[in-house]
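Undergrad: when you get a sec, could you give me coordinates for this:
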Amino acid sequence: MAYKKFIFHLCLRLVLIIVLACSAFYFGYVKNYPSTTLVLVLGLTLVFVEFISCVTRVYREIDQFFGSMVSGDYSFRFHEFRKKPTLHQWLNKIMDRMQSLSKERSIQNEMINQVISNIPTGIICFRNKKQCVLINENAKVLLGLGVMIDYEQLCKSHPALISAINKMKFGDQEIFDFENNSIPNKILMMTSTFNLSGEEYLMITLEKVSSMIEKKEMDSWKDMMRVLHHEIVNSITPIVSLSASLKASINSENLLKEREENLEALEAIYSRASNLIRFTSGYRKFAILQPSEKSLFQLMPCIQNVVYLMAQKNKLIKYSVKVDPDTNLNADQAQIEQVLTNIIINAQDAIEQQNSGHIEIEVAKVNDSIMITISDNGKGMDDTQLSKVFVPFFTTKSEGQGIGLSLSRQIIQQNGGSIYIKSKPANGTKVILRFKNIN
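TA: Next up, the predicted model:
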C-alpha cells in the first residue's frame, strides 16, 4: 500500500537524521575531527531539509486535494510516477469518482429543471415566506411575471391571490379568477408546505383550467355535430330522392293540373329537405375544421384588407387600426382573416342602430405575446349572454346561426392562440386574440 511506503521512507529519513547527528557529535566532540564533522553536519542538514520538504509536499498535496473537493473542482490531477498504486493514484481515483458523481447530479438537476419548465402546471416555491427559490415558466406566464420575485412583491402584485392562499388549508384546491394584462384567467390553485434543514417551504401549484374546460366543451360539441349531421342527412336524403322521383313522374304523365296541390307539396318537401341538408352541412364545418397551414405573415396588410372589405358593408361605421408595420404572426393567414371577419361582423351588428358607430383594432406586443384587440361601442352584452357566446348555436341575432364565435375560437386554438371577450351592457364589447410572439 502507498501509505506503508510513505511510512517506511519517513522512518528511514528519521533514522538517517539520528545516525548523522550522533556521528557528528562523536567525531566533533569526542574525536575532534573537524573535517569529518563538517561533512556529517552538511549531510545532516541536507537530509533534514529533504525530510521537511517531503512532509511539506505531502501536506501541500493533501491541502490541494481537499481544496479542490470543497470548491467542486474535480478536474485537478496529481502526477503519477509509477505503475504501482501510489498516493497520487488513489487521490486521482477519488477525484474521478467525485467528478462522475458531480456530472450525474448535474444531469439529474438539468432533467428536473427541464421537467419543471415544460410541465403545463405553474409552480412557485418560497422559503420561509420570503425568498422565492423556484418559479417555472408556466407560472410566470399565468401570473404575468417576468423575473424571480419575493413573497412581499407577490403580495403587492397579486394581493387577492395571496389572500386566497392564506385562507387555504394544506392540500386544499381552489379555483381563482383574476386578470393578467386585461385578460380574464381562471386557474386551479393548490398549496403545500414542507420543512428542509429546519426551514419552512411554501409551494404553490397553478393550473389554467379555462383552456381545459374549453377543450372538453369543444370536443363534446364536435361529437354532437357529427351525430347530428349523420342522423339528419341519413333521414332527409331519401325524402329528397323520393320527392324528386315523384315530381318527375307527375311531369311525365301530364297530370300537373289535376295534381297541382300535391305537386306544390312535393316541391315544398324537396325545397325544405335540400335546405336542411345545406344547413347541416354548414354546421358540419364547425366539427371538421381544415388543418392550419401556418406561415409567417405581416399583420398590418392582413388587417387592413379585412377592414376595407367590411367597411363596404356599412360605410357609416368609423374604423381605426393601430398596428406596427413590422409585426409578424405565425399562423394560417386565411383562417385569421376569417376570424377577424366574423368578429367585425358581430361588432357591426352590435352598433348597427347607432349613429356614431366605431370599431377599433389594435395590435400590441405584451411580454412574449401578440395581442389583437377588436373593440366596438355597440350595445354590449350582459353576463348571461357573455357566458354563452362560445356555445354553438347560441345567438342574439334574429337571423344568426350561432357558430361564428364558436368556429373562431376553434380556429384560434388550432393556430396556437386564445380568445377572450369582455363586455358590459351599453359599454360595447372587446375581443382579445392572443398569440405567441416568435419574433
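
Undergrad: helix or strand: which one has the closest residue to residue 376 other than its chain neighbours?
TA: Once flanking residues are discounted, residue 376 sits nearest to residue 347: 3.8 Å by Cβ to Cβ, 6 or more residues apart in numbering. The C-beta positions use only the backbone N, C-alpha and C, and glycine is treated the same way. Take DSSP states H and E as the rule and residue 347 turns out to sit in helix 333-350.

Undergrad: so the nearest residue to residue 426 once chain neighbours are set aside, which state does it fall into?
TA: Leaving out its chain neighbours, the residue that sits closest to residue 426 by Cβ to Cβ, 6+ apart is residue 380, at 5.7 Å. Following DSSP: H, G, I helix; E, B strand; the rest coil, residue 380 is assigned to coil.

Undergrad: now for the longest strand along the chain, which elements pack on it?
TA: Across the chain, the longest stretch assigned as strand under DSSP state E is strand 183-196. Judged by 3 or more Cβ pairs under 8 Å, 6 or more residues apart in numbering; DSSP states H and E, strand 183-196 is in contact with helix 159-167, strand 173-180, strand 199-208, helix 210-252, strand 418-423.

Undergrad: out of these, point me to the one whose mean pLDDT is lowest.
TA: Of all the helices and strands packed on strand 183-196, the minimum mean pLDDT falls on helix 210-252 (a mean of 63).

Undergrad: center of this protein, which residue is that?
TA: Nearest to the geometric centre of the chain sits residue 138, at 4.6 Å (Cα atoms, centre = their mean).

Undergrad: where does that residue sit, in terms of helix or strand?
TA: helix 137-143.

Undergrad: related to what we said a few turns ago, quick one: list the elements packing against the helix holding residue 347.
TA: Looks like helix 333-350 contacts helix 299-311, strand 358-366, strand 369-376, helix 404-414, strand 429-436 (3+ Cβ pairs under 8 Å, 6+ apart).

Undergrad: any chance of those in a markdown table with mean pLDDT as columns?
TA: Listed next are the helices and strands packed on helix 333-350 as a markdown table, based on pLDDT from 0 to 100:
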| stretch | mean pLDDT |
| --- | --- |
| helix 299-311 | 89 |
| strand 358-366 | 91 |
| strand 369-376 | 92 |
| helix 404-414 | 85 |
| strand 429-436 | 92 |
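
Undergrad: as a markdown table, the ones you listed with distance to residue 63 and mean neighbour count would be great.
TA: Listed next are these as a markdown table, based on distance: least, Cβ to Cβ, whole Å; neighbours: other Cβ atoms under 10 Å:
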| stretch | distance to residue 63 | mean neighbour count |
| --- | --- | --- |
| helix 299-311 | 65 | 17 |
| strand 358-366 | 56 | 17 |
| strand 369-376 | 55 | 21 |
| helix 404-414 | 63 | 21 |
| strand 429-436 | 54 | 20 |
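
Undergrad: between the ones you listed, which one is nearest to residue 420?
TA: With Cβ to Cβ, the closest approach to residue 420 among the helices and strands packed on helix 333-350 belongs to strand 429-436: 4.5 Å.

Undergrad: what are the buried residues along the helix or strand following the helix holding residue 138?
TA: Moving toward the C-terminus from helix 137-143, the next helix or strand (DSSP H and E) is helix 151-157. For helix 151-157, burial by neighbour count (16 or more other Cβ atoms under 10 Å) applies to 151, 154-155.

Undergrad: contacting residues around helix 151-157?
TA: Applying Cβ atoms under 8 Å, 6 or more residues apart in numbering, the external contacts of helix 151-157 come out as 124, 126, 129-132, 143, 145, 149, 161-162.

Undergrad: same check, this time on stretch 30-42
TA: 20, 23-24, 27-28.

Undergrad: report the secondary structure state of residue 75.
TA: Three-state call for residue 75 (three-state DSSP): coil.

Undergrad: whoops, residue 388 was the one
TA: Put simply, residue 388 is coil when judged by three-state DSSP.

Undergrad: how near is it to residue 414?
TA: Per Cβ to Cβ, to the nearest Å, residue 388 is found 22 Å from residue 414.

Undergrad: for residue 23, same thing?
TA: For residue 23, the distance to residue 414 - Cβ to Cβ - is 98 Å.

Undergrad: same thing with residue 436?
TA: Applying Cβ to Cβ, the value for residue 436 to residue 414 is 14 Å.

Undergrad: go on, residue 322?
TA: Counting by Cβ to Cβ, the gap from residue 322 to residue 414 is 26 Å.

Undergrad: ok, of the buried residues of helix 151-157, which one's closest to residue 330?
TA: residue 154 (32.4 Å).

Undergrad: related to what we said a few turns ago, quick one, the helix holding residue 347 and strand 369-376 angle?
TA: When axes from the mean of the first three to the mean of the last three Cα atoms, to 10 degrees is applied, the directions of helix 333-350 and strand 369-376 differ by 30 degrees.

Undergrad: wait, the residue nearest to residue 426 sits on residue 350?
TA: Yes. The pair residue 380 / residue 350 is scored as a contact, 7.3 Å apart, by Cβ atoms under 8 Å.

Undergrad: so what sits against both of these two?
TA: Common neighbours of residue 380 and residue 350 (Cβ under 8 Å, 6+ apart) are 428-429.

Undergrad: looking only at neighbour counts, state which of the two leads.
TA: A count of neighbours by other Cβ atoms under 10 Å puts residue 350 above the other of residue 380 and residue 350, at 22 against 18.

Undergrad: next, residue 122: phi, psi?
TA: phi -80, psi 140 (degrees, to the nearest 10).

Undergrad: residues in contact with stretch 352-365?
TA: Here stretch 352-365 has contacts from 299-300, 303, 307, 314, 316-324, 327, 340, 344, 347-348, 351, 370-378, 437, using Cβ under 8 Å, 6+ apart.

Undergrad: do the same with stretch 307-324
TA: Contacts of stretch 307-324 (Cβ under 8 Å, 6+ apart): 299-300, 303-304, 341, 344-345, 348, 351-352, 355-363, 365.

Undergrad: mind redoing it with 6 Å?
TA: 299-300, 303, 344, 348, 357-363 (Cβ atoms under 6 Å, 6 or more residues apart in numbering).

Undergrad: what is the nearest of these to residue 176?
TA: Nearest to residue 176 among the contacts of stretch 307-324, counting by Cβ to Cβ, is residue 362 at 28.2 Å.

Undergrad: tell me the SS of residue 315?
TA: coil.
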